[in-house]
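Colleague: Let me see the structure of the following:
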Amino acid sequence: MERLLIDAPAGYAEIYLFGAHITSWVPRGGKEVLFTSSRAVFNGQKAIRGGIPLCLPWFGAGALHQAPPAHGWARNSVWQLRSVVTTDDGGVRVTLSLEKNGFYALYEVTVGEKLELNLSLRNVQSEPVVGELTFHTYLRLYDLTATDLSGLAGAEYIDNEPGATRAKQEHELKVAGSCDRIFTTGEAGNVVRVRDSGNRRTIVVTKYDAPNTVVWNPGPRGAAEFADMAPDEWVQFLCVEPGRIRENAAKLEPGESFSISMTLSVE
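Modeller: This is a model prediction of the structure:
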């Protein structure tokens with residue numbers, strides 16, 4: 001499969017045109033920030049397990065239950081490379097696009113000391129449509145069970161583990177196993193800090209125009225069911241996924257678009 005290897009003064013990244021899929025990002029002088037499974041499949045058919053898959057134009061089964069495929073078709077499609085330019089601060093900006101099934105998606109990736117992403121979706125059909133976007137980000141961790149998240153306290157969420165129950169996050173979140181929560185966040189939830197104590201760092205997820213944050217890990221049982229994930233790899237990552245989904249899905253008239261953005265940084 002075709003890929004871009006970006007080795008800039010400010011950072012390194014690997015981006016596959018299949019799925020516009022970022023599988024690696026390393027800020028200069030730092031460690032790998034993204035998790036990609038050791039058993040990930042790179043065959044141009046199955047979505048790559050890990051990195052940053054793009055979920056569009058729907059998430060999961062979709063707000064209107066459009067699935068299959070789960071999480072939409074963008075991560076299983078080959079995107080077009082539009083441009084590659086250098087930035088003044090030693091980074092590289094890559095632009096990719098995909099037009100399919102009445103949608104036009106544009107994706108801008110800026111690789112440097114931070115990883116900055118902007119994803120937009122336009123309705124190019126003659127009828128109104130509903131669209132969802134999510135950065136399904138796999139963050140690499142030394143040990144999930146020794147990790148905690150700050151920034152989601154006070155947010156309401158749907159817990160898909162016991163059967164789509166609704167609750168409010170009363171305290172900072174600690175994930176020690178299986179977790180599948182869809183948070184609806186206000187301004188206070190636009191920055192989530194993931195303390196990766198084993199690697200002596202904090203990964204900061206900053207989002208814009210993305211009212212939802214999904215926190216997901218399959219746990220040991222779920223990981224054992226994935227052919228493209230080693231059974232013990234679940235402790236090596238946590239998915240923190242900014243997006244606009246479910247009740248916040250965008251209703252687009254012909255020609256209308258919406259976008260979400262995310263910045264990853266390391267402290």
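Colleague: CA atoms for contacts and neighbours, from now on please.
Modeller: OK.
Colleague: from memory Ile245 sits against Leu133, does it?
Modeller: Yes: applying CA atoms under 8 Å as the test, Ile245 and Leu133 come out as touching, 6.6 Å apart.
Colleague: Overlap of the contact sets of these two?
Modeller: Taking CA atoms under 8 Å, 6 or more residues apart in numbering as the contact rule, the neighbours common to Ile245 and Leu133 are 58-59.
Colleague: The least confident helix or strand in the chain by mean pLDDT packs against which elements?
Modeller: Scoring the helices and strands of the chain by mean pLDDT, DSSP states H and E places strand 165-168 at the bottom, with a mean of 91. In this structure, strand 165-168 makes packing contacts with strand 156-159, judged by 3 or more CA pairs under 8 Å, 6 or more residues apart in numbering; DSSP states H and E.
Colleague: strand partners of the strand it packs on, parallel vs antiparallel please.
Modeller: Using DSSP bridges, the neighbouring strands of strand 156-159 in the sheet come out as strand 165-168 (antiparallel), strand 179-184 (antiparallel).
Colleague: Quick one: name whatever helix or strand follows the last one.
Modeller: Moving toward the C-terminus from strand 179-184, the first helix or strand encountered (DSSP states H and E) is strand 191-196.
Colleague: which other residues reach the helix or strand that that next one is followed by?
Modeller: Toward the C-terminus, strand 191-196 is succeeded by strand 201-208 as the next helix or strand (DSSP H and E). Under the contact criterion CA under 8 Å, 6+ apart, strand 201-208 has outside partners 33, 190-196, 240, 242, 260-267.
Colleague: Try it again at 6 Å.
Modeller: 190-196, 260-267 (CA atoms under 6 Å, 6 or more residues apart in numbering).
Colleague: go on, stretch 116-130?
Modeller: Stretch 116-130 has contacts (CA under 6 Å, 6+ apart) with 102-110, 250-263.
Colleague: burial count for the spatially closest residue to Tyr157 that is not a sequence neighbour?
Modeller: Among residues not flanking Tyr157 along the chain, Phe183 sits closest, at 4.1 Å (CA to CA, 6 or more residues apart in numbering). A total of 26 residues lie near Phe183 under the criterion other CA atoms under 10 Å.
Colleague: how much space between Phe183 and Trp79?
Modeller: Taking CA to CA, to the nearest Å as the criterion, Phe183 is separated from Trp79 by 29 Å.
Colleague: Also Phe135?
Modeller: Here Phe135 is placed at a distance of 16 Å from Trp79 (CA to CA).
Colleague: So what sits opposite Asp148 in the bridge?
Modeller: Under the criterion used here (DSSP bridges), Asp148 is bridged to Lys174, Arg195.
Colleague: Surely it touches Glu172?
Modeller: No: Asp148 sits out of contact with Glu172 when judged by CA atoms under 6 Å, with a separation of 7.4 Å.
Colleague: In terms of neighbours, single out the busier of the two.
Modeller: When Asp148 is set against Glu172 and neighbours are counted by other CA under 10 Å, the residue ahead is Asp148, at 17 against 12.
Colleague: Can you list the buried residues in stretch 81-95?
Modeller: Of the residues in stretch 81-95, those buried under the neighbour-count criterion (16 or more other CA atoms under 10 Å) are 84, 91-95.
Colleague: Need those residues in a markdown table (columns: pLDDT).
Modeller: Rendered in a markdown table, the data for the buried residues of stretch 81-95 read as follows (pLDDT from 0 to 100):
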| residue | pLDDT |
| --- | --- |
| Val84 | 98 |
| Gly91 | 97 |
| Val92 | 98 |
| Arg93 | 98 |
| Val94 | 99 |
| Thr95 | 99 |
